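Q: just need the structure, nothing else, for what follows:
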Amino acid sequence: MKISSLRVVGLICSLIASACAARPSNAALTALYAEAARESPIGKPYVIGVSDVVRISVWKSEDLSTDASVRPDGTITVPFVGELQAAGRTAAELQQEAAQRVAGIVRDAIVTVSVIEVNSYRFTVAGNVEHPGLFTSRSYVTVSEALALAGGPNRYASTDQIVIVRSAGGHGQRRIPINYDDILSGKSPEQDIVLLAGDAVRVP
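A: Residues are numbered from 1 along each chain as shown. So this is what the prediction gives:
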């Protein structure tokens, strides 16, 4: 019995040590939130995404003007011009290429590009919330706003252990721990980060 008890105690200590080791340090958390703040799209030129609708206007040339939805491959089709890569570009960048392509058809053409529908800003809220699912917004939202859209955490939620799963480009995924209680209390407002398209908010 004594040996068995010692083994149980040893196992518990091992689990606690593992949990502590897995928990990021305060310095690591500060760096994560600082990086998330730098990634915030607020105040930056909007980057066009799949399903967004862009308007290509060519002055005095209605035949070349069009509204186009960005296809899953990231392209749009402009009459008499052909396909243009839209996803991953700003309106100014798309306008520059569109103007170059149109110049071969219409001399001294004046081309403007604008985003008239934002449909690509999508994120997921999953786990212990009232209404989990995939959400789309026309404006950028923070973690607390995303949770509100999902009806808020339910009574089973561990609101101090929320995680944002974010794509790290070609380097897999990045996990950003969020303590929702600290956001609500005002203790850590820096944790109420702005979500990026494709983010997943997981509420255990």
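Q: what's the spacing between stretch 66-83 and its chain's center?
A: 24 Å (Cα atoms, centre = their mean, to the nearest Å).
Q: and that stretch, how far apart are its ends?
A: End-to-end distance for stretch 66-83: 13 Å, by Cα to Cα, to the nearest Å.
Q: name the residues of it that come out as buried.
A: For stretch 66-83, burial by neighbour count (16 or more other Cβ atoms under 10 Å) applies to 66, 68, 70, 74, 76, 78, 81. Using the backbone N, CA and C atoms, a C-beta is placed for each residue, glycine as well.
Q: and which of those is nearest to residue 165?
A: residue 74 (22.9 Å; Cβ to Cβ).
Q: and the helices in this protein?
A: Taking DSSP state H to define them, one finds helices in the chain at 2-22, 26-39, 91-102, 143-149, 180-185.
Q: the ones you listed: lowest mean pLDDT?
A: The weakest mean pLDDT among the helices of the chain belongs to helix 2-22, with a mean of 46.
Q: domain assignment for the chain?
A: 53-117, 120-203 (automatic domain parsing).
Q: so for residue 25, which of these sits nearest?
A: Closest approach to residue 25 among the domains of the chain is made by domain 120-203 (11.4 Å; Cβ to Cβ).
Q: the most centrally placed residue in the chain and residue 36: what is the separation?
A: Nearest residue to the geometric centre of the chain (Cα atoms, centre = their mean): residue 196, 1.8 Å. Using Cβ to Cβ, to the nearest Å, we find residue 196 at a distance of 9 Å from residue 36.
Q: what of residue 183?
A: 13 Å.
Q: low-confidence stretches in the chain?
A: Within the chain, the stretches with pLDDT under 70 are 1-23.
Q: rerun at 80
A: Within the chain, the stretches with pLDDT under 80 are 1-24, 168-171.
Q: roughly how far does the nearest residue to residue 183 once chain neighbours are set aside sit from residue 26?
A: Distance criterion Cβ to Cβ, 6 or more residues apart in numbering; nearest residue to residue 183, sequence neighbours excluded, is residue 192 at 4.8 Å. Taken as Cβ to Cβ, the spacing of residue 192 relative to residue 26 amounts to 18 Å.
Q: who has more neighbours out of those two?
A: Shown here are residue 192 and residue 26; by other Cβ atoms under 10 Å, residue 192 has more neighbours (19 against 8).
Q: quick check: phi and psi at the more buried one.
A: Per-residue torsions, residue 192: phi -80, psi 70 (degrees, to the nearest 10).
Q: residues in contact with residue 149?
A: 125, 135, 137, 141 (Cβ atoms under 8 Å, 6 or more residues apart in numbering).
Q: again, only this time at 10 Å
A: 123, 125, 129, 131, 133, 135-137, 141, 201 (Cβ atoms under 10 Å, 6 or more residues apart in numbering).
Q: now distance to residue 46 too, for the domains of the chain, in a markdown table please.
A: A markdown table is the format used below for the domains of the chain (distance: least, Cβ to Cβ, whole Å):
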| stretch | distance to residue 46 |
| --- | --- |
| domain 53-117 | 6 |
| domain 120-203 | 9 |
